[in-house]
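[1] Let me see the structure of the following:
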Amino acid sequence: MRDLLLLVIISGLVPVILLHPWTGILTWFWIGLMNPHRLTWGFMFSAPVAQVVALVALAGLLLAKDRRPFPVTRETIMLIVFAMYVTMTTSVAWVPDLAWMQWQDFMKILLMTAVTPLLIYGERRIVLLILVMAFSIGFYGLKGGLFAIATGGNYMVWGPPRSFIRGNTNLGMAMIMVLPLLLISARMMTRKWVDFGWGIVNRWHKWIGLAMYGVFWTTAIAILATHSRGALLGLLAVAPFIFLKMKRKLTLVVLALAAVTVVGLTVPDRLMSRWQTIETYQEDRSAMQRIQAWGVNWNIAVENPATGAGFVMAAMPDEVWISYANWVEPWANTARAAHSIYFQLLGHHGFGGLAVYLLLVGFTFLTLNRIRRRARKETGQIWLAEYAWALQVGLIGYLAAGAFLDVAYFNLLYAFVALAVIMRRELEEAPRASEQAAGISAGDAVRATAPGGPRFPDFVPRPASVESRRGEA
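    Residues are numbered from 1 along each chain as shown. Presented below is the predicted three-dimensional model:
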């Protein structure tokens, strides 16, 4: 039944995507992040669902009249540079066949990242994309959190099989990235910062917001229930920012103390013993194997600073991989993944590839910071400022948890990059609060944002009505 239901849903979405290609972007991220086909047991499990949706969306893009020009920003420039760089390193990869296969998969992600700003713009589309991203992962937060509560947290929470988030640490990191988005989405809905124009949402927005708060809290529980040490460190990195953002802090502290002292709530023994291995990592084979892998990737980058060894370097012969190791033990004598985005990039693409990647992430963070500081004050767009904050905190969680996980090519990160570009455009093209106070019509204020308007990020000229009024004055 699941297979048939998913087939009906995808089939029904195809004509919608052709008529409204921007819905194809939402569908692609839903499939790429939630992996609904991996929750089936029949013919849809291995179906190329994401590729079909992407092709339909690209076909619709060619016919679309409401697409925007490609935004030339420092983020998009770095995306292009990164694509060119990894193509160069793949051409000299040590495991060429597998490297080109991963290169193809990564190029698909970068292509859809580049297409997203062409079709996603305006308050409604941007917020819907964020909601799709947040709750595609939040689905597993709700499911995993309820499972952890029912079982006392004694069992690991895993993602769907044969997906990017199948591992407990991978899923934990993904949930950390969307946790701030879930919080802001719940607050947005309860306070009605955005009007979707849907009657049922307007009538039930507070109840929907409360349900979103429930997903936020169960996701926080599910992160802990992954039993992942990397996810724990990532959660600790974002928790202070989330706590400072939350309302009724004193109430939360009192409830937490009551849960521990009155109810007697404690961390499950199995979970605590897992976390305690952080202190005794020298005695933990898994931790020591990671440290060995970090050394291998570092040594390869030192020897090949511009190219590294290319994608999927862990598939090289064991004896070659071990030759770059700083030490070898009987239980650590085979090739393995880097288990760190930083060492992964060093091993795959050398110091040059890591530098380009960090510039991309750094520019994205700075752009989000600019939006967060300016949106509320200059344009009155509370939702824009709040979501920029959420994306920033999500990036912090990614960078922290990613230090222990090789997820440099996770599509959610590149969705964050696309959103930073889109949201900056939204900020630059929105009418200023001072202009709104002066009585400028909404039509005049947004005229420059029409599909045939100026190319972002070039300056947006003032509407003619503004200039004429100043002339009359």
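
[2] Pick out the residue nearest the middle of the protein.
    A centroid search over the chain (Cα atoms, centre = their mean) returns residue 412, at 2.8 Å, as the residue closest to the centre.

[3] and the host helix or strand of that residue, what does it pack onto?
    Taking DSSP states H and E as the definition, one finds residue 412 inside helix 411-429. The contact analysis (3 or more Cβ pairs under 8 Å, 6 or more residues apart in numbering; DSSP states H and E) places helix 411-429 against helix 22-34, helix 74-91, helix 96-119, helix 123-151, helix 168-191, helix 341-374, helix 382-401. Heads up, the C-betas are built off the backbone N, CA and C, glycines and all.

[4] how far does that helix sit from the chain's center?
    Taking the mean C-alpha point of helix 411-429 and that of its whole chain, the gap between them comes to 11 Å (Cα atoms, centre = their mean, to the nearest Å).

[5] same thing with stretch 68-82?
    Between the centre of stretch 68-82 and the centre of its chain there are 18 Å (Cα atoms, centre = their mean).

[6] Quick check: end-to-end length of it?
    23 Å (Cα to Cα, to the nearest Å).

[7] mind listing what's buried in that stretch?
    The neighbour-count criterion (16 or more other Cβ atoms under 10 Å) identifies 68, 71, 73-76, 78-79, 82 as the buried residues of stretch 68-82.

[8] Contacts for that stretch, please.
    Contacting residues not belonging to stretch 68-82 are listed as 110, 113-114, 117-119, 121, 353, 356-357, 359-360, 363-364, 367, 414, 417, 420-422, 424-425, 451, 455-457 [Cβ atoms under 8 Å, 6 or more residues apart in numbering].

[9] Can you tell me which of those are buried?
    Buried subset of the contacts of stretch 68-82 (neighbour count, 16+ other Cβ under 10 Å): 110, 113-114, 117-119, 121, 353, 356-357, 359-360, 363-364, 367, 414, 417, 420-422, 424-425, 456-457.

[10] pLDDT score assigned to residue 120?
    pLDDT, residue 120: 96.

[11] how deep is it tucked in, by neighbour count?
    As a burial measure, the neighbour count of residue 120 was computed by other Cβ atoms under 10 Å and equals 24.

[12] Could you do the one 5 residues further on as well?
    The tally of other residues near residue 125 (other Cβ under 10 Å) stands at 18.

[13] if I pick it, what's in contact with it?
    With the criterion set at Cβ under 8 Å, 6+ apart, residue 125 makes contact with 22, 119.

[14] and the angle for the helix holding residue 412 with helix 168-191?
    Following axes from the mean of the first three to the mean of the last three Cα atoms, to 10 degrees, one obtains 30 degrees for the angle between helix 411-429 and helix 168-191.

[15] Domain ranges for the chain, per the record?
    The domain map for the chain lists 1-62, 73-119+283-430, 124-279, 434-472, with the assignment taken from automatic domain parsing.

[16] Rounded mean pLDDT for the third one, please.
    Averaging pLDDT along domain 124-279 yields 85.

[17] chain center to it: distance?
    Here domain 124-279 shows a centroid-to-chain-centroid distance of 15 Å under the convention Cα atoms, centre = their mean.

[18] quick one, what contacts residue 359?
    residue 78.

[19] Try it again at 10 Å.
    Contacts for residue 359 (Cβ atoms under 10 Å, 6 or more residues apart in numbering) come out as 74-75, 77-78, 81-82.
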